[in-house]
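> Return a 3D structure for these sequence lines:
(2 chains)
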There are 2 protein chains.
Amino acid sequence: MTRGELPSITMPTRTKRNIAYDEEAEVWKYGDRERLREAGTEKSALHILKMAYVIWFLKHQITENRSSTLRELYYISEGWKRAKFAAQNDSNLLVEDLEILTDVQREHFHLRPEEDGASIFGPLRIREDTRRGTRELHCQDDIGESGYQIPTNVDSLEFVEHDAQMVIAIETGGMYARLIENGFDEKYQAILVHLKGQPARSTRRVLNRLASEFQLPVTVFTDGDPWSYRIFASVAYGAIKSAHISEILVTPSARFIGVQPSDIRDYDLPSDLLTEQDIAALKAELTDPRFAGDYWKEQINLQLALNLKSEQQAFAARGLDFVTDEYLPARLSDMGVLRK
Amino acid sequence: MTRGELPSITMPTRTKRNIAYDEEAEVWKYGDRERLREAGTEKSALHILKMAYVIWFLKHQITENRSSTLRELYYISEGWKRAKFAAQNDSNLLVEDLEILTDVQREHFHLRPEEDGASIFGPLRIREDTRRGTRELHCQDDIGESGYQIPTNVDSLEFVEHDAQMVIAIETGGMYARLIENGFDEKYQAILVHLKGQPARSTRRVLNRLASEFQLPVTVFTDGDPWSYRIFASVAYGAIKSAHISEILVTPSARFIGVQPSDIRDYDLPSDLLTEQDIAALKAELTDPRFAGDYWKEQINLQLALNLKSEQQAFAARGLDFVTDEYLPARLSDMGVLRK
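Residues are numbered from 1 along each chain as shown, chains lettered A, B, ... in the order given. From the prediction side, this is the model:
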């Protein structure tokens, strides 16, 4: 500005059209389209002013070893006069912009989401750096029956050692508790991770690290409906919102274990009719590059023909042990995760 | 039936009109209205048949020391032909009927909800009986930064000892993490309980037990809107759905700490306008016996006059330490929980 130049920022365009598959990293990332923001208009000038305020706040926060939630950051901007955010969505997006510009995750700015991390249960020893000192815990022996709760900053966690053959990520709490009760983690040396629906960043980071640090196979076990397939896709391919940090959040080796539409047919599972929204979502998935392979085409078309969806807990109709004694071992053998 | 008599069940009517305040126990309970269900109609006969099936299943489950989710129970009924439930709500209600008839909680039938229990952080040592043995944990020293996750069956938990002056139940994860980060639990010897919005049964049972076993004062810290006041009411007075087990779920001594409508005014908190739904809910609370006292009348009328609501994290507008250094100590002194 003192040189008489307009301050400006150049950023990748953050739209679906600017997402491309990175063959080498096996994840979806931003492409080459860029957007220049110059402080020549009031709108862009205010945007850059807000960014300067946020950077100032984050610098303070890091220096003082404090942290805050994304919601608190939004409220803190109340005191910034014209740099005040109108809605939390704006401050969240700005933080994502900063991640893209700096190539540093928001967790390292000491920003937390409201959302809860999920839980882990299985043959894994972790070490967590907390403000009250270091805690070393074994995720079967040193924790309660609900498992070890993943902290928001997974990088404060060290995976010390494990005795596992596989990782299973599970959508619902009911199924997660079922596998624990049935001792699936012990019998099959499985680390169980509860996704809690659409997984939080911290949960996806945990799966990424378990897969890459220990070279463990990761399978994803969800309900059998289009929304759950998206949960799988966000684990295995990532999401537009976080395409800039795909490499650390995504588990490209993750595979879908079920509920498959063919399971609904083969096991005659209790099911519900597809709604209009379900059908529209399935059709959208047929053109989504993340579901481009033959496997998904076949399954999704089968589901549209059946006009049915089932939940993972529907296996209970065949008895409480069916899922752990029959279904999962059969699928894991088919997928080559379990060797007979 | 062999005596030529129609099987029948008599149950309290489960409506708002049949809820009365029990002065002695200080909780809301079912009144004297009853309903007789006789197997003389097809509908009632099917109801009794379903009940017989559920009792048969639960008896098995308890004998074999198994457990299941309410969702699994619904799916298991798929195999019961005409006794099959049409929707999970029907099987849930039947389980509540069994609780009323037997005076035993569903947790003792080994039935779990899907919902997650919340977390605890503070100067408390617990002992949990798990299927893998007994675990003894201190809720500051032996757990990660997210706290100890409450299991669904709180009665498998023993509260061994504590070094606490109070319990604070907190609605949002952001504020719960704020109090932990700021060391509020250490400085004020507070057991922090994360409610996670409308609290699960297990969370309410924990608060009930902490209050009754240790005679600790319990305060409830929520957002400042009518939906959050209902969260407080469900902790302190109970809910219609669980009026039959109010005595073990409700904490009559629990008091509301904030956000109070008067705080929005006194601290000039960032706020939003009330919506039509908010206004309707506030007006409904003015006639709700649970909000009958002068305190609530005054606060709710003030809120309607201000036409504003605020979240607990709005305190961040005054700095990240304001809530722990100023607001809470001042309120706790006013309420007589903290003695100067």
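
> Okay, and the residue positioned nearest the centre of chain A sits in which element?
Centroid-nearest residue in chain A, with C-alpha atoms, centre = their mean: A:Arg204, separated by 3.7 Å. Taking DSSP states H and E as the criterion, A:Arg204 maps to helix A:201-214.

> Does chain B have contacts with that helix?
No - on the criterion C-beta under 8 Å from any C-beta of the partner chain, helix A:201-214 is out of touch with chain B, staying 9.6 Å away. Heads up, the C-betas are built off the backbone N, CA and C, glycines and all.

> Distance from the chain centre to the helix or strand following that helix, please.
For helix A:201-214, the succeeding helix or strand toward the C-terminus, using DSSP H and E, is strand A:218-221. Centroid separation for strand A:218-221 versus its chain: 13 Å, with C-alpha atoms, centre = their mean, to the nearest Å.

> Which strands and helices lie in contact with strand A:218-221?
Packed against strand A:218-221 by the contact rule (3 or more C-beta pairs under 8 Å, 6 or more residues apart in numbering or on different chains; DSSP states H and E) you find strand A:166-170, helix A:201-214, helix A:226-236, strand A:255-258.

> and the biggest helix by length in chain A, what does it pack onto?
Counting residues, the longest helix found in chain A (DSSP state H) is helix A:42-63. Applying 3+ C-beta pairs under 8 Å, 6+ apart, one finds that helix A:42-63 makes contact with strand A:8-12, strand A:34-38, helix A:70-76, helix A:88-102.

> any idea which of the ones you listed is most buried?
helix A:70-76 (a mean of 24; mean count of other C-beta atoms under 10 Å in any protein chain shown).

> is that one up against chain B anywhere?
Yes - applying C-beta under 8 Å from any C-beta, one finds helix A:70-76 in contact with chain B at A:71-73, A:75-76.

> Return the member of those nearest to A:Leu216.
Nearest to A:Leu216 among those is A:Arg71, at 34.6 Å by C-beta to C-beta.

> How many residues are close by the residue lying closest to the closest one once chain neighbours are set aside?
Nearest-residue entry for A:Arg71: B:Gln313, 4.8 Å, with adjacent residues in sequence omitted and distances by C-beta to C-beta, 6 or more residues apart in numbering or on different chains. Neighbours of B:Gln313 under the rule other C-beta atoms under 10 Å in any protein chain shown: 26.

> Could you pull up the residues touching B:Gln313?
Applying C-beta atoms under 8 Å, 6 or more residues apart in numbering or on different chains to B:Gln313 gives the contacts A:69, A:71-72, A:75, B:172, B:174-175, B:178.

> Remind me what the helix holding A:Arg204 packs against, helices and strands.
Looks like helix A:201-214 contacts strand A:157-162, strand A:166-170, strand A:190-194, strand A:218-221, helix A:226-236, helix A:246-249 (3+ C-beta pairs under 8 Å, 6+ apart).

> now the angle from that helix to strand A:166-170?
On the basis of axes from the mean of the first three to the mean of the last three C-alpha atoms, to 10 degrees, helix A:201-214 is oriented at 170 degrees to strand A:166-170.

> that older thread, A:Leu101 is nearest to which of the helices and strands packed on helix A:201-214?
Between these, helix A:246-249 lies closest to A:Leu101; by C-beta to C-beta that is 16.4 Å.

> could I get the contacts of B:Gln313 as CSV with pLDDT and distance to A:Ile240?
Compiled in CSV, those are given as follows (pLDDT from 0 to 100; distance: C-beta to C-beta, whole Å):
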residue, pLDDT, distance to A:Ile240
A:Thr69, 90, 23
A:Arg71, 91, 22
A:Glu72, 92, 25
A:Tyr75, 91, 27
B:Thr172, 91, 27
B:Gly174, 89, 25
B:Met175, 93, 30
B:Arg178, 92, 30
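
> Which of those sits closest to A:Arg14?
A:Arg71 (21.7 Å).

> Show me the shaky parts of chain A.
For chain A, applying pLDDT under 70 flags the ranges A:340.

> That one - how does it break down into domains?
A:8-112, A:119-334 (automatic domain parsing).

> Can you tell me which of these is most buried?
Using mean count of other C-beta under 10 Å, domain A:119-334 ranks as the most buried of these, with a mean of 19.

> Near chain B, which residues of the stretch 1-150 of chain A? Just list them.
A:66-69, A:71-73, A:75-76, A:78-79, A:112, A:114-117, A:119, A:128, A:130-132, A:135, A:137, A:140-150.

> Make TSV out of the residues of helix A:70-76 next to chain B and add distance to A:Gly183.
Formatted as TSV, the residues of helix A:70-76 next to chain B follow (distance: C-beta to C-beta, whole Å):
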residue	distance to A:Gly183
A:Arg71	40
A:Glu72	42
A:Leu73	43
A:Tyr75	46
A:Ile76	47
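
> contacting residues for A:Gly79?
Here A:Gly79 is in contact with B:Ala317 (C-beta under 8 Å, 6+ apart).

> Over to the one 4 residues further on?
Under the criterion of C-beta under 8 Å, 6+ apart, the neighbours of A:Ala83 are A:46, A:49-50, A:52-53, A:77.

> and of these, the nearest to chain B?
A:Ser77 (8.4 Å; C-beta to the nearest C-beta).

> A:Asn92 is in contact with that closest one, correct?
No - using C-beta atoms under 8 Å as the test, A:Ser77 is too far from A:Asn92 to be in contact (11.8 Å).
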